[in-house]
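Participant: Predicted structure and sequence below. I'll ask about it afterward.
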Amino acid sequence: MKEDNVTVAPAGASEGEVLAEMFREEGEAPAAPERDIQLITAEIQFFKRQAGQAVYEIGRCLLEAKAQLKHGEWLPWLRDEVAFSEASAQRYMRLAREYGKSRIVTDLGAGKALELLALPESQREEFVEENDVSGMTREQLRQAIRERDEASVLAARERVRAETAEQSRTKMEEDMKALKALHAAAVETQREKEEALAKAEAELKDLRSRPVEVAVETRDAAPEQIAAARAEGEKAAETKAKAELKKLREELKEAKGRTEDIREQLRLATETAEKNRRLAAASQEEGMVRFKLLFADAQGTVNRMAEELEQAPEESRDKLRRAMLALADAIRKAVGE
């Protein structure tokens, strides 16, 4: 302090403090005391939350104003009264509509909240919980969302492929079962036709080896009349037997053809099923190879994350540890635990 233009240092002051007091100009404000980093961080976080809340409130007010203004008044009002472009106003209103009472805008700010709109509403909170969004830049957040979407698409494609493969396998099994039943029926029909043909051939042979019984009035019939009647009866019986044999042979030929057709279909279906089985086994093996590569990459990434965690400043470790635990929870959810 100064008395009658004489500099007087406080009792117990160091030499440096004495010199600083001597050379301080008249009327100069004393230097502000240095604040610790925790206090500065807390203030920044506080003002970020305030800014996020302000963004939400502006969007809410814009929605309210637009509802009251008449047709054609909205854009002039934006320009003249609140100096907003239509695009800016739309962003504010969308944030207010989409997030409502959610703390995402307040905690993360308008920029990151806008990026999170790329996610379905039901998944935003979970995404924020499972990822260190507050520690990301907007570009990093955009990349994380893109990678998540790509992973979701790949997972969906794999589910469709697996479901299609299962449906195809089930249908093929049903077709094979039906073909086997048809083949069994065709074989049985062929056997019946072969037996009927053999019986008809035996009957024809027997017919030729014995005289045909004919109903002839023999009281007044001459021997030649009886012989003629018998010959005519034998001829008619043989003609009928031959017609029956021809019919049975045609039916047997048709039955054999059908049996062969079904047998060929069954053979092709069996070959196709075996081919699909080998392809599925090869695909599964390729999937295992891809999984092993991805697992090795993930394991290396986790190890590097653990090293970074050990080297991180003490005040950051809890946050990084929570992020790693969230990742572990996400993995457990993915595998169905």
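Facilitator: In hand now; what should we look at?
Participant: any low-confidence regions in the stretch 51-200 of the chain?
Facilitator: 52, 101 (pLDDT under 70).
Participant: Please enumerate the strands of the stretch 101-250 of the chain.
Facilitator: Ranges of strands within the stretch 101-250 of the chain: none, based on DSSP state E, counting those that start in this stretch.
Participant: which helix is the longest one in the protein?
Facilitator: helix 223-311 (DSSP state H).
Participant: Tell me which helix or strand comes right after that one.
Facilitator: helix 314-334 (DSSP states H and E).
Participant: tell me the angle of the longest helix of the chain relative to helix 314-334?
Facilitator: Relative orientation of helix 223-311 and helix 314-334, computed by axes from the mean of the first three to the mean of the last three CA atoms, to 10 degrees: 170 degrees.
Participant: Determine the set of other helices and strands touching helix 223-311.
Facilitator: helix 138-209, helix 314-334 (3 or more CB pairs under 8 Å, 6 or more residues apart in numbering; DSSP states H and E). Using the backbone N, CA and C atoms, a C-beta is placed for each residue, glycine as well.
Participant: can you redo the ones you listed as TSV with distance to residue 106 and mean neighbour count?
Facilitator: Below are the helices and strands packed on helix 223-311 laid out as TSV (distance: least, CB to CB, whole Å; neighbours: other CB atoms under 10 Å):
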stretch	distance to residue 106	mean neighbour count
helix 138-209	17	13
helix 314-334	18	13
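Participant: Which one of these lies nearest to residue 262?
Facilitator: Evaluated over the helices and strands packed on helix 223-311, closeness to residue 262 peaks at helix 138-209, with 4.5 Å, by CB to CB.
Participant: I'd like to know which elements that closest one is packed against.
Facilitator: helix 110-116, helix 223-311.
Participant: Can you say which of these is nearest to residue 45?
Facilitator: Per CB to CB, nearest to residue 45 of the helices and strands packed on helix 138-209: helix 110-116, 14.4 Å.
Participant: residues in contact with that closest one?
Facilitator: By CB atoms under 8 Å, 6 or more residues apart in numbering, the residues outside helix 110-116 that reach it are 51-52, 55, 91-92, 94-95, 99, 104-105, 108, 124, 127-128, 133, 136, 138, 141-142, 145.
Participant: buried ones in that helix?
Facilitator: Using 16 or more other CB atoms under 10 Å as the test for burial, helix 110-116 gives 110, 112, 113, 114, 115, 116.
Participant: Just the closest of the residues you listed to residue 79, please.
Facilitator: residue 110 (20.9 Å).
Participant: And the closest one, how close does it get to residue 63?
Facilitator: Taking CB to CB, to the nearest Å as the measure, residue 110 falls 15 Å from residue 63.
Participant: How about residue 201: what's its closest non-neighbour residue?
Facilitator: In this structure, residue 201 finds its nearest non-sequential neighbour in residue 245, 6.4 Å apart by CB to CB, 6 or more residues apart in numbering.
Participant: And for residue 59?
Facilitator: Counting by CB to CB, 6+ apart, the residue nearest residue 59 is residue 96, at 2.9 Å.
Participant: Name the SS class of that neighbour, please.
Facilitator: helix (DSSP: H, G, I helix; E, B strand; the rest coil).
Participant: oh, and call the first residue 247 from now on, that's how I've got it
Facilitator: Yes, from this point I'll number from 247; that puts the last item at residue 342.
Participant: quick one on the thing from earlier: can you redo the helices and strands packed on helix 469-557 as a markdown table with distance to residue 281?
Facilitator: Shown next, in a markdown table, are the helices and strands packed on helix 469-557 (distance: least, CB to CB, whole Å):
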| stretch | distance to residue 281 |
| --- | --- |
| helix 384-455 | 29 |
| helix 560-580 | 16 |
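Participant: hmm, back to that, next, the angle helix 384-455 makes with the longest helix of the chain.
Facilitator: Going by the same axes, to 10 degrees, helix 469-557 makes 160 degrees with helix 384-455.
Participant: quick one: helix 469-557 to chain centroid distance?
Facilitator: 33 Å (CA atoms, centre = their mean, to the nearest Å).
Participant: For that helix, the averaged confidence score.
Facilitator: Mean pLDDT, helix 469-557: 78.
Participant: hey, where'd the helices end up in the stretch 247-396 of the chain?
Facilitator: With DSSP state H, counting those that start in this stretch as the criterion, the stretch 247-396 of the chain has helices at 261-269, 283-314, 320-323, 332-345, 350-354, 356-362, 367-376, 384-455.
Participant: The nearest residue to residue 494 once chain neighbours are set aside and residue 450, how far apart?
Facilitator: Leaving aside its chain neighbours, residue 494 sits nearest to residue 443 (4.4 Å; criterion: CB to CB, 6+ apart). The spacing between residue 443 and residue 450, counted by CB to CB, is 11 Å.
Participant: Which neighbours do these two have in common?
Facilitator: residue 491.
Participant: Contact partners for the nearest residue to residue 511 once chain neighbours are set aside?
Facilitator: Excluding its sequence neighbours, the residue lying closest to residue 511 (CB to CB, 6+ apart) is residue 425, at 5.6 Å. Residue 425 makes contact with 508, 511, 512, 515, according to CB under 8 Å, 6+ apart.
Participant: Among those, which one has the most neighbours?
Facilitator: Of all those, the most densely surrounded is residue 508 (19 neighbours; neighbours counted as other CB atoms under 10 Å).
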